[in-house]
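# Build me a model:
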Amino acid sequence: MKQKEQRMAKAAHSGTRHGMARAGSAASKLKPQKWKLRIAPHLGFPDLDKPCFLETLGTADPIEHIRLIAHLGFAGVLDNNLKYRPVAVQERMARELARHKLALGCFVNQKRPYTLRWGSNEPGMRAALRKEVRASIDLARRVNGRNIVVVTERDRAAPLWWELGNMVDNLRAVQDMAERAGVVLVVEHVNLPRRPDNLVTRLGDAWLVVKALNSPAVKLMYDTEHVQVMD
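Here you go, the predicted model:
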């Protein structure tokens, strides 16, 4: 895990003169497209050093990727791991997105490992969750984003229904903060083969959590990969 964190940190600062020269050359050879859907390529998944157009641009610098994505006519970008990036990089990204009138898709509420568990009622857990969501709201304002992904791990010693109930209570404790900020907490279900320790793995469980909140600030992520695998 430590090595992975170091790679993420290195990628967060990446961007070389050689890479930028390649980026400009690559972009000039590619023609803009007229997309029928609001597609947003990612800036680094599963890690920051693996952006969507890495082989095309030869650099993981998010600014160069934003420029290429804008040139190709996409509607925006996705950056799940935005929280790993330094504030200065986040601010540069925000300016570049605004310049190209691109939207920022969702980003994940917390860094790995997921020590904060939405399904827990342990003392202090709710306060920790509120603190993390507050930091995500600050980040959303900084980059003009809106959708904050909520994923969480299971405690195998507890029943699933108990943890899902706690998740509803914990989301209810932060939904007022999210509503005031105009952001959306997006509940994501993740398939078991991908992440066996995830709490919410099925579309139906995610839907029940969102339904229980009945709030414009808590919505469902319909991830077609996870739906196809599990449902």
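
# I figured L30 was touching A70, is that so?
No - in this structure L30 lies outside contact range of A70 using C-beta atoms under 8 Å: 11.7 Å. All C-beta spots, glycine's among them, are computed from the backbone N, C-alpha and C.

# Compare these two and say which one has the larger neighbour count.
A70 (20 against 12; other C-beta atoms under 10 Å).

# distance of the more buried one from E225?
The gap separating A70 from E225 is 26 Å, by C-beta to C-beta, to the nearest Å.

# who's in contact with the most centrally placed residue in the chain?
Centroid check for the chain by C-alpha atoms, centre = their mean gives F107 as the closest residue, at 2.0 Å. Contacts for F107 were tallied using C-beta atoms under 8 Å, 6 or more residues apart in numbering; they are D79, N80, N81, L82, K83, S136, L139, G145, N147, I148, V149.

# so what's the most far-flung residue of the chain relative to its centre scoring on pLDDT?
Within the chain, K29 marks the point farthest from the mean C-alpha position, 30.1 Å out by C-alpha atoms, centre = their mean. As predicted, K29 sits at a pLDDT of 82.

# how about the helices of the protein, start to end?
Using DSSP state H, the helices of the chain run over 2-12, 17-29, 54-57, 62-71, 87-100, 125-143, 160-181, 203-213, 224-230.

# Quick check: which of these is buried the most?
Each of the helices of the chain was assessed for mean neighbour count using mean count of other C-beta atoms under 10 Å. The highest is helix 62-71, with a mean of 23.

# what is the rounded mean pLDDT of that helix?
96.

# Okay, angle between it and helix 87-100 too, please.
Here the directions of helix 62-71 and helix 87-100 differ by 20 degrees (axes from the mean of the first three to the mean of the last three C-alpha atoms, to 10 degrees).

# and helix 62-71, what other elements does it pack with?
helix 17-29, helix 54-57, strand 76-77, helix 87-100 (3 or more C-beta pairs under 8 Å, 6 or more residues apart in numbering; DSSP states H and E).

# list the helices and strands the shortest one packs on?
In this structure, strand 76-77 makes packing contacts with helix 62-71, strand 103-104, judged by 3+ C-beta pairs under 8 Å, 6+ apart.
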